[in-house]
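Enquirer: Provided below are the primary sequence and the corresponding predicted coordinates.
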Amino acid sequence: MSLLDAMPFAGLLGVEGLDASSDEVRARLAWDESRCTAGGILHGGALMALADCTGGLCAYLNLPEGANATATIESKSNFFRPVSSGHVEAVSHVLHKGRTTIVIETDLRDAAGKHVARVTQTQAIF
């Protein structure tokens, strides 16, 4: 399943889907001045949106039988370093699969592989 096919908003953001399976979802967002805050730093909201895209798709790919949708109901972000060039790659994994929720952890790394942020989100199962 293509990230962009499953989630048109990812295309609007400029997210490039790299790989998607129930075990792991990977995507990339290029640094661009239009996605920045003061000082040419990639906006935290852009990073959170990237993580929500990959995390949401990861949750979707792990829905239990009979479920057909998921939505973020909680998200926590820890930012470790700014990004002022290159790109950010997001990798999402399942931490917990329950009957009513799925918890996803997403790590974001810059083009040099340095840890930029970790996002943990809870997704409701519908």
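Expert: Yep, that arrived.
Enquirer: next SSE downstream of the longest helix along the chain?
Expert: In the chain, with assignment by DSSP state H, the single longest helix is helix 44-60. Going down the chain from helix 44-60, the next helix or strand is strand 70-79, by DSSP states H and E.
Enquirer: how many other residues sit next to residue 123?
Expert: For residue 123, the count of nearby residues is 25 (other CB atoms under 10 Å). Every residue, glycine included, has its C-beta placed from N, CA and C.
Enquirer: sorry, slip of the keys, the one I care about is residue 108.
Expert: Each residue near residue 108 was counted by other CB under 10 Å, and the total is 27.
Enquirer: tell me which element it is part of?
Expert: Assessed by DSSP H and E, residue 108 sits inside strand 101-110.
Enquirer: give me the below-cutoff pLDDT ranges for this protein.
Expert: 1-4 (pLDDT under 70).
Enquirer: quick check, central residue of it?
Expert: residue 51 (2.0 Å; CA atoms, centre = their mean).
Enquirer: now do the same contact list for it.
Expert: 75, 77, 90, 92, 106, 108, 117, 119, 121 (CB atoms under 8 Å, 6 or more residues apart in numbering).
Enquirer: same check, this time on residue 96
Expert: 102, 103.
Enquirer: and it, how far from residue 59?
Expert: 11 Å (CB to CB, to the nearest Å).
Enquirer: find residues that contact each of those two.
Expert: In contact with both residue 96 and residue 59: residue 102, using CB under 8 Å, 6+ apart.
Enquirer: rewinding a little: contacts for the strand holding residue 108 next, please.
Expert: 47, 50-51, 54-56, 58-59, 62-63, 70, 73, 81, 83, 86-96, 115-125.
Enquirer: neighbouring strands for that strand, and are they parallel or not?
Expert: strand 87-97 (antiparallel), strand 115-125 (antiparallel) (DSSP bridges).
Enquirer: which stretch among these comes nearest residue 34?
Expert: Proximity to residue 34 (CB to CB) singles out strand 87-97 among the strands paired with strand 101-110, at 14.2 Å.
Enquirer: since that was my last question, I'll sign off now.
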